[in-house]
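Chemist: Predicted model and sequence follow; I will ask about them next.
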Amino acid sequence: MKAFLHIGTEKTGTTTLQNFLANNRQNLLENNYLYPCSSRLIDEEEIQNLKTLLDNFFKNIEVIIYLRRQDKFLASTYSTAIRAGHTYEFSLPSQTSIETRYNYYNILNKFAKVFGENKIIVRIFESSQMIEGDLIKDFTNTIGLKIDDSYNAVPNLNTSLDVYSLEYIRLLNKNFKKIIKQKPDKYISQIIKRLEVYSNQYKKKQNLLLSEKIAREFMSIFEESNQKVAKNYLDRPDGKLFSDDFTGLRQQDISPITMKLKLLEITAFLLKDKLINPS
């Protein structure tokens, strides 16, 4: 038997994929695909333990990993942290985090040492590099599964927020619980849902957190390692892994005055419904 081991990485539609597979578990079984639970692996010893376990059941194991451009991964990670209740301001990751979390060549090598480089299937989390620009279609095609209308569709579960909404939530996380003692997280969750509506007015809002200058500087850190991934795992002689399109990013830092005005605008947006329809 053959096993496909999907290892992420984070912020690459993993939740959407998991929901699709879980919601279609019976359909998958009828087509000889078993979808079990999984866990996050960090070091080579844990990876080896997993392989040892899988070897008892499968003769062939292939590892699937989706990679997202590092600057977009960084922005999305911060957004998720703020939505989860964190209060720290945005900053670039530490050198240790860069090597263990954002250096994809290092991550892939850990799995390649255990499973074999020829067993690693690298897919790029960019619509232009996915089949029909769709994650589900790209993943099912990768594992050789043909889906039809009998499969339940799932929505994209990772709605992004613009930089101003994120700062608003960060400040709420920091101060709201001092004021509201009863179920503050419930109210913050409701506010986040409203801010998703507000945030939809921004194009490419997931990138708005970073300026073009910071994004380019951050991506330059991974120029060599990304080229190695492209050449070694995707057989791309030009070494190009991701799109180098940085359009839509901020061209300058956000001034304190602009941020304050935007926060006031968000407050007015949140109060609008209550003021017009107070019932």
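Modeler: Looks like it arrived, so ask away.
Chemist: pretty sure Asn226 is in a strand, no?
Modeler: No: with DSSP: H, G, I helix; E, B strand; the rest coil as the criterion, Asn226 is assigned helix and is not in a strand.
Chemist: Report the separation between it and Val163.
Modeler: Counting by Cβ to Cβ, to the nearest Å, the gap from Asn226 to Val163 is 25 Å. C-beta coordinates here come from the backbone N, C-alpha and C atoms, glycine included.
Chemist: number of nearby residues for Ile254?
Modeler: 15 (other Cβ atoms under 10 Å).
Chemist: how close does Ile131 get to Asp138?
Modeler: From Ile131 to Asp138 the distance is 4 Å (Cβ to Cβ).
Chemist: higher neighbour count, the two?
Modeler: Asp138 (20 against 14).
Chemist: and stretch 179-188, which residues are buried?
Modeler: 184, 188 (16 or more other Cβ atoms under 10 Å).
Chemist: can you list contacts of it?
Modeler: 85, 169, 172-173, 176-177 (Cβ atoms under 8 Å, 6 or more residues apart in numbering).
Chemist: Any chance of these in CSV with neighbour count, pLDDT and distance to Ser97 as columns?
Modeler: Formatted as CSV, the contacts of stretch 179-188 follow (neighbours: other Cβ atoms under 10 Å; pLDDT from 0 to 100; distance: Cβ to Cβ, whole Å):
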residue, neighbour count, pLDDT, distance to Ser97
Gly85, 15, 91, 20
Ile169, 23, 94, 22
Leu172, 21, 92, 26
Asn173, 20, 92, 21
Phe176, 15, 86, 28
Lys177, 14, 80, 28
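Chemist: quick one: which of those residues is nearest to Lys213?
Modeler: Ile169 (25.0 Å; Cβ to Cβ).
Chemist: so the closest one sits right up against Lys193, yeah?
Modeler: No: with contact defined as Cβ atoms under 8 Å, Ile169 does not count as touching Lys193 (11.3 Å).
Chemist: how far away is the closest residue to Tyr105 other than its chain neighbours from Thr77?
Modeler: In this structure, Tyr105 finds its nearest non-sequential neighbour in Ser225, 3.9 Å apart by Cβ to Cβ, 6 or more residues apart in numbering. Distance from Ser225 to Thr77, counting by Cβ to Cβ: 18 Å.
Chemist: if you count what's nearby, which of these two comes out ahead?
Modeler: Ser225 (20 against 17).
Chemist: what's the more buried one in contact with, if anything?
Modeler: By Cβ under 8 Å, 6+ apart, the neighbours of Ser225 are 103-106.
Chemist: ChimeraX command to pick out the buried ones of those?
Modeler: Of the contacts of Ser225, the buried ones can be selected in ChimeraX as follows, counting by 16+ other Cβ under 10 Å:
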select :103,104,105
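Chemist: Quickly name whichever of the contacts of Ser225 is closest to Leu28.
Modeler: Using Cβ to Cβ, the contacts of Ser225 come closest to Leu28 at Tyr104, 28.3 Å.
Chemist: Mind pulling up the pLDDT for the closest one?
Modeler: Looking at Tyr104, its pLDDT stands at 95.
Chemist: Tell me the secondary structure of Thr258, please.
Modeler: Put simply, Thr258 is helix when judged by three-state DSSP.
Chemist: can you tell me how far it sits from Tyr164?
Modeler: Counting by Cβ to Cβ, the gap from Thr258 to Tyr164 is 9 Å.
Chemist: More neighbours: these two, which one.
Modeler: Tyr164 (22 against 12).
Chemist: For that one, which three-state class applies?
Modeler: Secondary structure, three-state DSSP: Tyr164 is helix.
Chemist: so what's Asn23 up against?
Modeler: Asn23 neighbours (Cβ under 8 Å, 6+ apart): 152, 154.
Chemist: just checking, what's the longest strand in the protein?
Modeler: strand 60-67 (DSSP state E).
Chemist: Would you mind pulling the contact partners of the one helix or strand Lys213 maps to?
Modeler: Secondary structure from DSSP states H and E places Lys213 in helix 212-220. Contacts to helix 212-220, defined as Cβ under 8 Å, 6+ apart, come from residues 69-71, 74, 92, 207, 210, 246, 249-251.
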